[in-house]
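*Asks:* build me a model from this:
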Amino acid sequence: MIDLRRRAADMRMVSEEHFFPDTDHVILKIHAERNQYSFCAGINEEHPEVIETGNTQLLSTEVMKGTFTGCFFGLFAEGNVKACFPYFTISESAEQKEKNRAEAQREYPV
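*Replies:* The predicted model follows:
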């Protein structure tokens with residue numbers, strides 16, 4: 001079972017539970033864009049299910065004065081289960097790499 005727990009200041013949210021029966025592994029993905037995060041899980045790396053989406057609006061020092069600590073994620077297991085998190089990777093899609101490259105080359109007036 002997978003659920004997503006988010007917290008921003010005193011606001012907390014727990015997603016609906018998502019079950020992946022008959023498997024001993026689940027692939028987790030976070031897809032981040034400028035205005036929204038998508039949290040995905042599934043047994044097939046090519047087609048993970050979107051569990052929840054989140055707005056990036058509260059993820060800035062301008063909004064969360066003095067309390068913003070950055071974005072982070074954690075993995076844990078509870079109950080009578082065995083969990084193994086052997087690795088994780090961070091990567092950008094080809095489209096995102098191109099957007100980032102174009103943004104870095106953009107000239108800004110002084």
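*Asks:* in the protein, what spans have low per-residue confidence?
*Replies:* Within the chain, the segments meeting pLDDT under 70 span 8-9, 58-72, 108-110.
*Asks:* Leu4 touches Ile51, doesn't it?
*Replies:* Yes. Counting by CB atoms under 8 Å, Leu4 does reach Ile51; the two are 5.3 Å apart. C-betas here are computed from N, CA, C, even on glycine.
*Asks:* now the common contact residues for these two.
*Replies:* Listed as contacting both Leu4 and Ile51 by CB atoms under 8 Å, 6 or more residues apart in numbering are 15, 39.
*Asks:* show me where the protein has its helices.
*Replies:* Applying DSSP state H to the chain gives helices spanning 94-105.
*Asks:* which residues does Ala77 contact?
*Replies:* Ala77 touches Ala83, counting by CB under 8 Å, 6+ apart.
*Asks:* closest to the centroid, which residue in the chain?
*Replies:* For the chain, the residue nearest the mean C-alpha position is Ile30 (3.3 Å; CA atoms, centre = their mean).
*Asks:* so how far is Phe20 from that one?
*Replies:* The span separating Ile30 from Phe20 equals 17 Å under the rule CB to CB, to the nearest Å.
*Asks:* ok, the residue nearest to the centre of the chain - contacts?
*Replies:* Neighbour list for Ile30: 37-40, 73 [criterion: CB under 8 Å, 6+ apart].
*Asks:* repeat that for Gly54.
*Replies:* Going by CB under 8 Å, 6+ apart, Gly54 touches 6, 36-37, 39.
*Asks:* next up, phi/psi of Ala83, please.
*Replies:* phi -120, psi 140 (degrees, to the nearest 10).
*Asks:* isn't it right up against Phe76?
*Replies:* Yes. Contact status for Ala83 versus Phe76: in contact at 7.4 Å, counting by CB under 8 Å.
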